[in-house]
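>>> model this:
(one chain, ligands or ions: 2)
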Amino acid sequence: MKPDVQVYRRLLKYLVPFWGLAIVVFIGFSISASTEVAVAKLLEKIINAIQHRDTSFTTIFPLLVVGLVFFRGLGQYIGGYYTAVISRHLVFNVRQEVFAKILRLPSQYFLDNTSGHITAKIMFNVEQLTAATTESLRTVVQQGLITLGLLGFLIYTNWRLTLCILIFAPLIGFLIRKAGKRMRKLSILVQDTMGDVNHVVQETVSGNVVVKGFGGQSYEHERFKWHSMENLRRGLKMTAIAQLNSPVVQLCMSMAMGIIIWIALRPEILRDISAGEFVAYITAAGMLSKPIKALTEVNEKMQRGLAAAHSVFELLDMEEEGNTGTLTPKLKGNVHFNNVNMSYSDGHNAIKNFTLDIKAGETVALVGRSGAGKSSLVNLLVRYQEISSGSLMLDEYDIHDIELNNLRTQISMVNQQVVLFNRTVRENIAYGQLEGASDEDVIAAAKAAYAHDFIMALPEGYNTELGAQGLNLSGGQRQRIAIARAILKNAPILILDEATSALDNESEYFIQQAFDAAMQDRTTIVIAHRLSTIENADRIVVMDQGSILESGTHLELLAQKGTYFQLHQRNFEE
Ligand SMILES: Nc1ncnc2c1ncn2[C@@H]1O[C@H](COP(=O)(O)OP(=O)(O)O)[C@@H](O)[C@H]1O
Ligand SMILES: [Mg+2]
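Ligands and ions are numbered 1, 2, ... in the order given. Next comes the predicted model:
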């Protein structure tokens with residue numbers, strides 16, 4: 001972990017643009033702090049006036065009381081409001097930065113972290129940053145000014161007595177440090193449990209069909225309860241320490257007060273002090289305990305905020321998707337895998353010594369049992385995963401020399417898992433860079449994907465809002481929208497990774513025809529379960545354990561009587 005000072009300095013940088021507002025905050029709190037001191041001073045005057053039966057200030061005192069409270073309120077309002085303005089902007093800015101970062105993280109990050117934990121980070125942890133920054137600074141400024149004001153008043157009135165209070169300062173400091181360390185540990189734990197709670201909610205919400213169907217309600221509820229309980233327990237532990245902190249500090253303060261009163265009441269001191277002065281002094285000393293209590297709480301906030309800052313900065317510092325390529329060629333669609341190896345972060349070697357040349361316009365079918373590495377292989381082409389060794393060339397360019405976005409716009413991929421957004425059908429088809437597509441093109445793509453008819457039957461046609469993840473559609477309908485999206489993209493390389501697995505025979509037949517037309521002038525890599533969709537491919541590559549077992553046309557492979565032949569026999573029997 002990076003040292004706190006470094007993290008804190010980085011955190012403070014986010015506040016720099018708000019220095020103008022910070023001055024306003026400072027002025028506001030200065031006004032309210034000076035009223036605190038003025039109250040003590042006013043008390044002195046009033047008591048002295050009573051003692052001396054002095055009536056000359058009868059009208060001015062009540063006005064002063066109201067005036068002081070008015071200015072204190074005004075100062076607090078200005079300080080408080082503008083602190084919040086800074087806080088909210090800080091949260092806004094950091095959230096934008098974190099979200100932008102998430103968009104640039106490699107796919108592996110999303111495999112390693114659950115969406116619940118990622119959400120918690122951007123919602124909860126970012127919010128916590130204000131604890132270490134604006135909240136703490138606000139308290140330091142507001143209460144610090146009051147403390148300074150009151151201390152100044154005390155020293156001015158009677159510096160000897162005031163020294164008695166200051167003797168306790170080191171003890172108070174020690175207590176605060178001690179509590180701080182513990183608080184930090186707990187704060188990290190609280191953050192983690194927040195992620196856990198979030199995770200259970202998201203999983204249950206997105207998987208509610210399985211939860212219901214398999215009677216997982218009580219299990220999920222238990223799990224939710226357990227994580228929430230953990231969150232509660234740790235939160236309370238932290239509160240316990242935070243709450244214990246200030247009574248203990250106040251106890252120290254009261255001891256100091258006791259000593260002051262004890263000394264102050266001694267005849268040799270009492271002699272040269274007026275009653276008003278004495279009361280004002282004791283009042284001001286008493287008033288000190290409030291800001292000091294608030295100041296001790298800064299530590300808790302600081303620890304909470306710093307723990308959050310560590311986690312947020314850790315995310316911001318993560319390595320992004322490598323994008324050092326600068327070339328933006330218009331690809332023809334030649335693909336050369338040359339002795340490619342790929343290992344996942346867990347060390348699993350999913351692609352081994354894979355060599356394959358695909359010519360532009362060719363259709364290659366990948367066949368092999370699940371886990372053979374087919375998806376892993378095509379993911380290399382869009383760089384969702386990076387090759388570990390060997391080379392991958394597109395036309396005459398090394399894949400790493402091509403600018404990442406340019407690369408991805410030229411590859412159109414339909415995956416096993418269809419991803420639909422909670423937007424209209426049209427927006428789902430013309431997604432992202434296809435946003436500006438014309439209505440005619442969208443409709444043509446939908447027609448080719450055999451989706452136009454069912455879309456038109458939806459309540460508002462292309463403007464129908466899809467539910468979360470498009471779950472108000474059938475699996476086959478969802479898949480056809482994804483296919484329409486890929487067709488609209490009209491890229492030189494088309495990858496279909498079990499893109500038709502959820503389709504019935506009839507729609508698959510029609511889509512196949514659309515694909516046949518689309519495949520004419522583009523490179524296509526098709527992965528399919530049903531062998532009928534592969535038979536027409538120019539070449540069939542049979543994979544196992546990340547390598548090529550055999551390759552050739554349908555007829556050649558049948559004649560070889562190898563793995564493909566066996567697969568075909570089994571398929572035929574079904
Ligand atoms: N993100 C991942 N991390 C680690 N191993 C993975 C990951 N994704 C897939 N694998 C493993 O890589 C192998 C190939 O998987 P995959 O390419 O999905 O196979 P296929 O698409 O042919 O069914 C499998 O053994 C699988 O367990
Ligand atoms: Mg797969």
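>>> what pLDDT does residue 252 get?
If you check residue 252, the pLDDT there is 78.
>>> Give me the number of neighbouring residues for the nearest residue to it once chain neighbours are set aside.
Leaving aside its sequence neighbours, residue 252 sits nearest to residue 168 (Cβ to Cβ, 6 or more residues apart in numbering; 5.0 Å). Where C-beta positions appear, they are placed from N, C-alpha and C, glycine not excepted. Residues lying near residue 168 (other Cβ atoms under 10 Å) number 16.
>>> Same question for residue 556.
A total of 13 residues lie near residue 556 under the criterion other Cβ under 10 Å.
>>> follow-up on the earlier one: am I right that the residue nearest to residue 252 is in contact with residue 254?
No: in this structure residue 168 lies outside contact range of residue 254 using Cβ atoms under 8 Å: 10.0 Å.
>>> roughly how far apart are the residue nearest to residue 252 and residue 160?
Counting by Cβ to Cβ, to the nearest Å, the separation of residue 168 from residue 160 is 15 Å.
>>> And residue 287, by the same measure?
Separation of residue 287 from residue 160 (Cβ to Cβ): 20 Å.
>>> Please say which of those two ends up with more neighbours.
Taking other Cβ under 10 Å, residue 287 and residue 160 do not tie; residue 287 has more neighbours (20 against 9).
>>> which residues touch the closest residue to the more buried one other than its chain neighbours?
Leaving aside its sequence neighbours, residue 287 sits nearest to residue 150 (Cβ to Cβ, 6+ apart; 5.8 Å). Residue 150 makes contacts with 36, 37, 40, 284, 285, 287, 288, 291, as judged by Cβ atoms under 8 Å, 6 or more residues apart in numbering.
>>> how many other residues sit next to the closest residue to residue 478 other than its chain neighbours?
Nearest residue to residue 478 in three dimensions, chain neighbours excluded: residue 418, at 4.6 Å (Cβ to Cβ, 6+ apart). By other Cβ under 10 Å, 20 other residues sit near residue 418.
>>> how about the most centrally placed residue in the chain, what does it touch?
Of all residues in the chain, the one closest to the mean position by Cα atoms, centre = their mean is residue 122, 2.5 Å from it. With contacts defined as Cβ under 8 Å, 6+ apart, residue 122 is in contact with 95, 98, 99, 102.
>>> The residue nearest to residue 478 belongs to a helix?
No: using DSSP: H, G, I helix; E, B strand; the rest coil, the assignment for residue 418 is coil, not a helix.
>>> residues in contact with it?
With contacts defined as Cβ under 8 Å, 6+ apart, residue 418 is in contact with 470, 475, 478, 479, 481, 482, 502.
>>> Top of those residues by number of neighbours, please.
When neighbours are counted by other Cβ under 10 Å, residue 479 leads these with 27 neighbours.
>>> Strands of the stretch 251-400 of the chain, start to end?
Along the stretch 251-400 of the chain, counting by DSSP state E, counting those that start in this stretch, strands occupy 335-343, 349-358, 363-367, 389-394, 397-398.
>>> Serialize those strands to CSV and add fields for mean pLDDT, mean neighbour count and distance to ligand 1.
Formatted as CSV, the strands of the stretch 251-400 of the chain follow (pLDDT from 0 to 100; neighbours: other Cβ atoms under 10 Å; distance: least, Cβ to the nearest ligand atom, whole Å):
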stretch, mean pLDDT, mean neighbour count, distance to ligand 1
strand 335-343, 96, 18, 9
strand 349-358, 95, 18, 4
strand 363-367, 93, 24, 8
strand 389-394, 95, 17, 16
strand 397-398, 95, 14, 23
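>>> Export these as a markdown table, with columns for distance to residue 275.
Compiled in a markdown table, the strands of the stretch 251-400 of the chain are given as follows (distance: least, Cβ to Cβ, whole Å):
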| stretch | distance to residue 275 |
| --- | --- |
| strand 335-343 | 84 |
| strand 349-358 | 87 |
| strand 363-367 | 96 |
| strand 389-394 | 89 |
| strand 397-398 | 90 |
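>>> which parts of this structure sit against ligand 1?
Contact residues, the chain versus ligand 1 (Cβ under 6 Å from any ligand atom): 111, 344, 346, 348, 350, 368, 370-376.
>>> Give the buried subset of the residues you listed as a PyMOL selection command.
In PyMOL, this line selects whichever of these come out buried by 16 or more other Cβ atoms under 10 Å:
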select buried, resi 350+368+372+373+374+375+376
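>>> ok, residue 85 - contacts?
Residues near residue 85 by Cβ under 8 Å, 6+ apart: 18, 21.
>>> Break this structure into its domains for me.
Per the record, the chain has its domains at 4-316, 416-490, by automatic domain parsing.
>>> And the residue nearest to residue 252, how far from residue 157?
For residue 168, the distance to residue 157 - Cβ to Cβ - is 19 Å.
>>> now do residue 191
Note on residue 191: its distance to residue 157, by Cβ to Cβ, is 46 Å.
>>> Would you mind telling me which of the two has more residues around it?
Regarding residue 191 and residue 157, a neighbour count based on other Cβ under 10 Å identifies residue 191 as having more, with 23 against 19.
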